[in-house]
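**Q** Got a predicted structure plus its sequence, pasted below:
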Amino acid sequence: MDLTLAICVYDKEEWIAETLDSVMSQTVRDFNLLIIDDASTDRSVEMVEAYFRQSPRQYTLIRLESNHGIGYCRYLAEREASTRYLMFLDSDDVLLPTAIAKMWEKIQSDSDLMAVGCHLAYVDQNTSLIGGGLYLGATSKEEFYEKAAAKKLIFMQPTAIYDREAALSVGGYSVEGFPEGPVRYQDFCEDLDLWTRMSDLYTEGKAIIVIPEVLAYYRKLGSGLSSNTLPMLLKMRWVKQCLLDRREGRKPLCFKDWMESYPAKDMSKLRKEAKATDYLRRGALRIHRGNPFGVFDILYSILLKPGYFADKLHKNLLNR
């Protein structure tokens, strides 16, 4: 099996054993396993090593001396892997038993496919389903070609098998050209950036699709309010501008240069959108936990950005 499964770990001692259980429970297991520890401060590494002493399986462990972030770890995995195909699994997520087998069978069935993903359902800290999930991506080549030709961003979660050679041909995961500072922009929307650059290969008949079936669980934690939303939205705007620049024959700016030229009035609008996003997320989480005051969070989100709630509802519920 010409596949490497890579798990990038940072302080996930609470869930890493469950993640590894899901790997060991796959119906196919003849893939390489690469684990990159991003200088964890807890017992994550010790737990990985203890796990495989008890359940022997060949694997490669890379321990970074200092924390570099998820973007760099994925960049490193692309260059450390020796197989043509690569797949990432977050160190607190869970694969269903047939996940790898189904995605592998699909990508091997058609040489035009350069990435195959799946749907993910949200679970809480106890791995209990909480409703909702990541139901992203084109389900056919024709749908993908239409989106790529229309210069659309390519949204798909990272739990996907993809052609490493195709990814590297467009630069792979990007870690250069970002500003230094407390916000690591290279760690936001890094998958969106890669999938969208790979979508340029649609002109060669290449495609990225998903199997419209939940094959993994995505652990959703936190209160709903986040300091990460604005950087994420900024990164999305940059990915879109780079896409337009490439397709129209211009050289894209690196993120640092692009952000320095971003208009102040647009930044103000983006801050408002980020706030609306956060309050909608918190409201939904509160309601799920039985707190009726979540309704006020949702109403405030609608007040900040009318239409956002309806758009989110359509994408996450009606299109499942």
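**A** Looks like it came in fine. The model shown is predicted, which means the values in this text are computed figures rather than measured ones.
**Q** all strands for the stretch 151-300 of the chain, in order.
**A** With DSSP state E, counting those that start in this stretch, the ranges of strands along the stretch 151-300 of the chain come out as 161-163, 207-219.
**Q** Now mean neighbour count too, for these, in TSV please.
**A** Every residue, glycine included, has its C-beta placed from N, CA and C. Converted to TSV, the strands of the stretch 151-300 of the chain look like this (neighbours: other C-beta atoms under 10 Å):
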stretch	mean neighbour count
strand 161-163	25
strand 207-219	21
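**Q** can you tell which of those strands is closest to S109?
**A** Relative to S109, the nearest member of the strands of the stretch 151-300 of the chain by C-beta to C-beta is strand 207-219, separated by 11.1 Å.
**Q** Mind giving me the packing neighbours of the closest one?
**A** Applying 3 or more C-beta pairs under 8 Å, 6 or more residues apart in numbering; DSSP states H and E, one finds that strand 207-219 makes contact with strand 94-95, helix 99-108, strand 113-123, strand 129-134, helix 141-149.
**Q** go with 6 Å
**A** If you count contacts as 3 or more C-beta pairs under 6 Å, 6 or more residues apart in numbering; DSSP states H and E, strand 207-219 packs onto helix 99-108, strand 113-123, helix 141-149.
**Q** Could you dump the strands of the stretch 151-300 of the chain into JSON lines with distance to D93 added?
**A** Formatted as JSON lines, the strands of the stretch 151-300 of the chain follow (distance: least, C-beta to C-beta, whole Å):
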{"stretch": "strand 161-163", "distance to D93": "15"}
{"stretch": "strand 207-219", "distance to D93": "6"}
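**Q** what's the closest of those to A150?
**A** So among those, strand 207-219 is nearest, using C-beta to C-beta, at 14.4 Å.
**Q** and N126, how many neighbours?
**A** As a burial measure, N126 scores 7 neighbours (other C-beta atoms under 10 Å).
**Q** cool, I7 as well?
**A** Neighbours of I7 under the rule other C-beta under 10 Å: 25.
**Q** Tell me which of the helices and strands packed on strand 207-219 sits most buried.
**A** strand 113-123 (a mean of 24; mean count of other C-beta atoms under 10 Å).
**Q** what does it contact?
**A** Residues from elsewhere that reach strand 113-123 (C-beta atoms under 6 Å, 6 or more residues apart in numbering): 103, 106-107, 129-130, 132-135, 137, 156-157, 160-163, 166, 206-208, 210-211, 214-220.
**Q** at 7 Å instead, please
**A** 99, 103, 106-107, 129-135, 137, 156-157, 159-163, 166, 195, 198, 201, 206-220 (C-beta atoms under 7 Å, 6 or more residues apart in numbering).
**Q** That one versus helix 141-149: what angle between them?
**A** When axes from the mean of the first three to the mean of the last three C-alpha atoms, to 10 degrees is applied, the directions of strand 113-123 and helix 141-149 differ by 90 degrees.
**Q** Pull strand 113-123 out as PDB, backbone CA atoms only.
**A** Extracted C-alpha coordinates of strand 113-123, given in PDB (Å, rounded to 0.1, in the frame of the first residue of the first chain):
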ATOM      1  CA  LEU A 113      -8.200  11.700  -8.700                       C
ATOM      2  CA  MET A 114      -5.500  13.500  -6.800                       C
ATOM      3  CA  ALA A 115      -7.300  13.600  -3.500                       C
ATOM      4  CA  VAL A 116     -10.300  11.800  -1.900                       C
ATOM      5  CA  GLY A 117     -11.800  12.900   1.400                       C
ATOM      6  CA  CYS A 118     -14.900  12.000   3.400                       C
ATOM      7  CA  HIS A 119     -17.500  13.600   5.700                       C
ATOM      8  CA  LEU A 120     -16.700  14.000   9.400                       C
ATOM      9  CA  ALA A 121     -19.200  14.200  12.300                       C
ATOM     10  CA  TYR A 122     -18.700  16.300  15.300                       C
ATOM     11  CA  VAL A 123     -18.100  14.700  18.700                       C
END
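**Q** what's the angle from that strand to helix 99-108?
**A** Going by the same axes, to 10 degrees, strand 113-123 makes 150 degrees with helix 99-108.
**Q** average pLDDT across strand 113-123?
**A** Computed over strand 113-123, the mean pLDDT rounds to 98.
**Q** try stretch 27-43
**A** For stretch 27-43, the mean confidence score works out to 98.
**Q** List the buried residues for it?
**A** By neighbour count on 16 or more other C-beta atoms under 10 Å, the buried set for stretch 27-43 is 31-38, 40.
**Q** so can I have a markdown table of the residues you listed showing distance to I298?
**A** Listed next are the buried residues of stretch 27-43 as a markdown table, based on distance: C-beta to C-beta, whole Å:
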| residue | distance to I298 |
| --- | --- |
| F31 | 42 |
| N32 | 45 |
| L33 | 42 |
| L34 | 41 |
| I35 | 40 |
| I36 | 38 |
| D37 | 39 |
| D38 | 35 |
| S40 | 36 |
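**Q** any weak-confidence spans in the stretch 101-250 of the chain?
**A** Within the stretch 101-250 of the chain, the stretches with pLDDT under 70 are 222-227.
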